[in-house]
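# below are the sequence and a predicted model; questions follow.
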Amino acid sequence: MESNPSTPPKIVCFMCNWAFCEEELHVPYNVNIVRVMCIGRMDPTLVLETFANGADGVMLAGCKPPDCHFIDGNLHAERAVKMLKKLLALTGLGANRLELLLTSPIESKDFGSYAKVFSEEIWKLGESPLKKDELASMIRVNVDAAKNAASAFRLRVLLGREEELTEFLNAYGEKIPEEEFDALLDEVVKAEFIRYKIHHLTRANPRSVKELAEAVGIKPSAVLRHITNMRRKGMIALERVEGNTPLYRALEVR
Amino acid sequence: MGESKVGAVLVVGGGVAGIQAALDLADSGFKVYLADQSPSIGGVMAQLDKTFPTNDCSMCILAPKLVAAGRHPNITLITNSEVVGLNGEAGNFEVKIRKRSRYINEDKCNGCGLCAQKCPVEAIDTYNKGLTDRSAVYVEFPQAVPLRFKIDREKCIGCRTCQEVCKANAVEYYQKDSEVILNVGSIILAPGFEPFDARLKSEYGYGRYQNVVTSIEFERILSASGPYGGIVLRPSDGEIPRKIAFVQCVGSRDAQLGNNYCSAACCMYSIKEAIIAKEHVPTKLECTIFYMDIRAYGKEFDAYYKRAKEEYGIQFVRSRVASITEDQSTGNLFVHYVGEDETPRIEEFDMIILSTGMQPPKDVEKLAKVLGIKLNKYRFCETGAFTPLETSKPGIYVCGAFSSPKDIPESVAQASAAASKAMAIIAPERGKLVTVKEAPPEIDVGQEEPRIGVFICHCGINIGGIVRVPEVVEYAKKLPNVVYAEDNLYTCSDDTQKRIREKIKEHNLNRVVVASCTPRTHEPLFRETVREAGLNPYLFEMANIRDQCSWVHMHEPEEATEKAKDLVRSVVAKARLLKPLKNPTVKVTPVGLVIGGGVSGMTAALELANQGFEVHLVEREKELGGHLKKIYYVLEGEDPQEYLRRLVKAVMEHERIHVYLGASVVEVNGFVGNFKSKILHNGEEKQVEHGIVIVATGATEYKPKEYLYGEDTRVLTQHELEEKLAEGKFNAKKVVMIQCVGARNEERPNCARICCGQAIKNALKIKELNPDADVYVLYKDVRSYGFKEEYYREAAAKGVLFISYSDEKKPKVTNESGKLKLAFWEPVLKQEIQMEPDIVVLSAATIPNPDNKRIAEMLKVPLTKDGFFLEAHMKLRPVDFQTDGVFLCGMAHSPKFIEESISQACAAAARAATILSKKELEMEGIVANVDEDLCSGCRICEYLCPYGAIEMKEKDGKLVAHVIEALCKGCGVCGTACPTKAIILGHFTTEEILAQVRAVLKEMEAIAA
């Protein structure tokens, strides 16, 4: 892996409208800022789309708690980033290509220097694997799967309810310990990512459990179990049997 | 005491046995509470794919019963519950039941399933034995009754999503467990069994090797509604196996585990699973069954076993498997066993199914303690040899696998039997706590243009996986007179019944068509549904797009879809012409006629009499007792002769039983509720009127032609030996018993069931009298099923030698100049052994009563190929005949032990009570009708009618045919033959059939025109 390409990495920074003064934004020329009203606006799928479009790194910059112009958008962003990092790790892009920077507008930090540090970090990591021929196609499948997972009702419900469940009380008047919720999130992120990956891989050509296991990098038994669940949810169907091997094809997800 | 009795019964356990008991009680005028631990009823049978020996789809035959129990006005389901307290005594109990919270309001939930679709949390799907997942809010299976969701509190994170999406406001996170107190007269226990935990048999690797599964997991794997969609796959890699093995007796017949009993059903279910697996695997599949003895002892079971070997090529290997190991790289498995030639062998398989035995249900000690009943040493319910239905506490009865491991038909028969016991002690309270279901008044649709609603079933993936159902719906919408069409995941489910009723109202439907499975199982259900919506039940018709379409064309989805359209089109065309029909009602004579005065007949008579009905009991011999007269011992130790004396006394002294000895029934006329029969007694014919008939004609011992029987007095049958033993005339030192004489051969392919038990019983008796006597038992399979296994082990321990023989190498008995000689093949030593036994005892088959043929013809009921009576359905109607009002029990059905005959006799009485308890019966409305003006009085119809349902009546000076509606079965033969076409068969008129024919042959435009 060429660790230090000659061209600087392409970095997109989503920035809260209120987090920094204009004069603080002495960012390197390879960092481009996209303004949002609040960093809490950052839908996980937007970040994944940004990577899909060729970003080598993504920064989210917002306000440090308790100072949020919109009360607590920054906390939502924290939770979204936590989930995104799990997904990014699964895609092969790596969790550290994404960074959330929360600074206090009152303390007024030099954003430019943060951006420079992040840019250098990414430079060290090298360009996005999506640009490397030998990896691009598989990583593209992964990013696509991650996007779909991030759009899935199941994950969005968990993300949307995390604060309610872990900081306040759930429907039974209990508070769910953060570690417990995080473990559940881990499990669901992984399951949804794998299922959408299987879905993606079986769209064009039907595939067997063994082929999918190899492509996804998990045990065939785990693939089979995901397929049973995907059948239940109408995501996949048996296409045909070749020899003693059943081949599955993705169904259009409604 | 002094408290009044209560006309209500609590049934604990909602499996097929509990459901059957509940239905029989509720249909006989008692209020029933049906309690189950699970959130829905159905038990283990709901998890099975197919059932032996008919290969019926398990859920298909169970679902109508689930729905019937769910909608019965006199059955209250108390699901998700456990019994926690009991007060009072027989006739008047107070039971405390804890209902665990569902977190869903049962009255509000309509089963729409939106909550489950949206639930973000997955949990292990226990209904599918953990092979897949479900959501944290769930129903066990789509046809669940009641179709009410439940939150899995262990898994639910309380995210409130289900509450947000539930349109019915049914989610109640704060719902607490509640307690109800029930006042009942008697209690029936039917808690079923728990499959043995195969992990305890660690040498078989279950839980470590993914491709080792249990039999119940394999049922789910085989099922079209299961996790793999009905294709057999290896859990390790999703490949279709080429070679699978079944390992028998896992957790049964195992002294190490302390499970010294046989689980009774596993041999047959493994054979069935092997057969079905071969059918469900598109490629070639080799199946091997490793067994100790194949215990195919039930009715027609050996024929099934034979088919498995000969037609399906299933391999049977007699060996107890020592261990199983795995090839980690392939997931394949090695079975280590000792072959029949005593050499150790290893064979490789792709997948292994462990035939796990039955264990008592979980928490059974708790239940026993609360109720104060005794358990046996294996923690099953304790019962007596002649009181198979009674627990140790009066007023509490038991049925199904909880009393001893057993299969479905025996559980169902016992369930009816327990119902008989439960109702007898509260007989005077019959009808006091029940409500009569009032259907809404029937809407007159006579003059209306047909407005047809079509409901098309996916049957899970049975139909929907092949036929493009939505396309058929769109097609149906365009058919003439169809004003509404929709598709359903399961049209038979409880919620769809509600939907159909709603749609009838919403669209003013006056005809309904369901395109799904077979009308034979599901028509009554849908008819009742349309009736509940105010339509005449005959304004309904079914198209069978499963058995006749998706199942037969599973590899041609295009053609199947087109054919489904054809079938729907033709049935819609018929439906346009459907006319309302009336169900005739007939009065019931509350009297029973029992044919046969053996233990079964006497028991049945006594049960009916105890329930308050008068009974005529007809016995051919000069005294009561039948076969039982010849039985002097039973394995369990009780005294059968003492029991017989008590039974005869009770029957003779009962004021409601009329006994006819040395008599026979010579003529049976009439029909359910209204029979008139002639009894020949003391040279006189006496006419009796009765509402039902119970056939209990027993069976006889085969008189062997084999092994010098009849030529040498030293060759005896088991009965003859038993008599000698009882009379103290036995003094032989060396005894050889030969099993399967006259059974399991070309002439009589089936097992005679009781002879293994008889042989063990007599062998033990010989050892008791003379421990030094040598006893050899030459057998094909030792079929000491259930708890009788214990006595087999005892006999072996006491030195009785059991040696197997095969048809190829049968033992030889000769008389060499006065010496009785016997030669047999010793399979372990591989040599022929010669000996000089003092006596040779033949375990002669039990064969049908020679009088069966005459009785069958008289009652117009069928016999099996073997000559026993054939019940209405081998699985779920074990003591009914297809002919209404006629029942069977005991050895007339097939050979059986005393306690089994007693159970069946009680069952027949309970089934009979569902008729005798009613003042009048509603009959089938599809009957023939005579146009008296056209009738020429030629009497051809009278001659042809196989049911005697046509009589000639005078009208305006001429004789015309008249249909006795209660007797008419609706076959239509009379009308077909009528020279003047004066007879019309309702629901299948010529016009209706022709409309269907035209529609099936023509394009839809042509019909519309």
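Ah, there it is. Here the structure is a predicted model, which is why all the values come from computation and not from measurement.

# just give the nearest non-adjacent residue to residue B:799, would you?
Counting by Cβ to Cβ, 6 or more residues apart in numbering or on different chains, residue B:799 lies nearest to residue B:767, which is 7.0 Å off, once chain neighbours are set aside. Where C-beta positions appear, they are placed from N, C-alpha and C, glycine not excepted.

# report the central residue of chain A.
In chain A, the centroid-proximal residue (Cα atoms, centre = their mean) is residue A:84; its distance is 3.2 Å.

# per-residue confidence for the residue of chain B positioned farthest from its centre?
Computed with Cα atoms, centre = their mean, the residue of chain B farthest from its C-alpha average is residue B:817, at 53.8 Å. With respect to pLDDT, residue B:817 scores 93.

# mind checking how far it is from chain A?
Distance from residue B:817 to chain A, counting by Cβ to the nearest Cβ, to the nearest Å: 64 Å.

# what about the strands in the stretch 501-650 of chain B?
Secondary structure of the stretch 501-650 of chain B by DSSP state E, counting those that start in this stretch: the strands cover B:511-516, B:540-544, B:585-587, B:591-595, B:614-618.

# chain A too?
For chain A, applying DSSP state E gives strands covering A:11-16, A:31-36, A:57-63, A:98-103, A:236-242, A:245-250.

# show me which residues of the stretch 151-300 of chain B sit near chain A.
By the rule Cβ under 8 Å from any Cβ of the partner chain, the part of the stretch 151-300 of chain B lying against chain A is B:156-161, B:163, B:173-174, B:210, B:227-229, B:231, B:233, B:235-242, B:282-283.

# including mean pLDDT and distance to residue B:203, could the strands of chain A go into JSON lines?
JSON lines is the format used below for the strands of chain A (pLDDT from 0 to 100; distance: least, Cβ to Cβ, whole Å):
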{"stretch": "strand A:11-16", "mean pLDDT": "92", "distance to residue B:203": "60"}
{"stretch": "strand A:31-36", "mean pLDDT": "91", "distance to residue B:203": "63"}
{"stretch": "strand A:57-63", "mean pLDDT": "92", "distance to residue B:203": "55"}
{"stretch": "strand A:98-103", "mean pLDDT": "91", "distance to residue B:203": "51"}
{"stretch": "strand A:236-242", "mean pLDDT": "94", "distance to residue B:203": "34"}
{"stretch": "strand A:245-250", "mean pLDDT": "97", "distance to residue B:203": "31"}
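
# for the closest residue to chain A within the stretch 51-200 of chain B, phi and psi?
Closest contact between the stretch 51-200 of chain B and chain A, by Cβ to the nearest Cβ, is at residue B:158 (3.0 Å). Main-chain torsions, residue B:158, degrees, to the nearest 10: phi 70, psi 40.

# enumerate every residue touching whatever residue of the stretch 651-800 of chain B ends up closest to chain A.
Per Cβ to the nearest Cβ, residue B:781 is where the stretch 651-800 of chain B lies closest to chain A, at 33.6 Å. Counting by Cβ atoms under 8 Å, 6 or more residues apart in numbering or on different chains, residue B:781 touches B:293-296, B:804.

# give me that answer again for 10 Å
Residue B:781 is in contact with B:267, B:291-297, B:302, B:305, B:318, B:739-740, B:744, B:751, B:756, B:804, counting by Cβ atoms under 10 Å, 6 or more residues apart in numbering or on different chains.

# got it, and residue B:47?
B:58-59, B:126-129, B:140-141, B:195, B:216-217, B:219-220, B:223, B:225-226.

# try residue B:970
By Cβ under 10 Å, 6+ apart, residue B:970 lies in contact with B:924-928, B:947, B:949, B:985-988.

# just flag the most distant two among those.
B:947 and B:987 (17.4 Å; Cβ to Cβ).

# those two: which is more packed in?
More crowded of residue B:947 and residue B:987, by other Cβ atoms under 10 Å in any protein chain shown: residue B:987, with 19 against 16.

# from residue B:904, how far off is residue B:879?
Residue B:879 sits 6 Å away from residue B:904, going by Cβ to Cβ, to the nearest Å.

# and for those two, which residues touch both?
Common contact partners of residue B:879 and residue B:904 (Cβ under 10 Å, 6+ apart): B:409, B:413, B:416-417, B:604, B:887-890, B:893.

# dump the residues you listed to CSV, plus secondary structure, distance to chain A and neighbour count.
CSV is the format used below for the shared contacts of residue B:879 and residue B:904 (DSSP: H, G, I helix; E, B strand; the rest coil; distance: Cβ to the nearest Cβ, whole Å; neighbours: other Cβ atoms under 10 Å in any protein chain shown):
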residue, secondary structure, distance to chain A, neighbour count
B:409, helix, 32, 24
B:413, helix, 37, 30
B:416, helix, 38, 31
B:417, helix, 40, 32
B:604, helix, 49, 35
B:887, strand, 44, 32
B:888, strand, 44, 32
B:889, coil, 45, 36
B:890, helix, 47, 34
B:893, coil, 42, 28
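
# residue B:799: which of those is nearest?
residue B:890 (34.8 Å).

# ok, now which ones touch that closest one?
The contact partners of residue B:890, by Cβ under 10 Å, 6+ apart, come to B:596, B:598-604, B:626-627, B:694-699, B:869, B:879, B:896, B:898, B:900-905, B:908.

# inside helices: which ones of the residues you listed?
Applying DSSP state H to the contacts of residue B:890, the entries found in helices are B:599-604, B:898, B:900-905, B:908.

# most surrounded residue in the residues you listed?
Neighbour counts for the ones in helices among the contacts of residue B:890 (other Cβ under 10 Å) peak at residue B:908, which has 37 neighbours.
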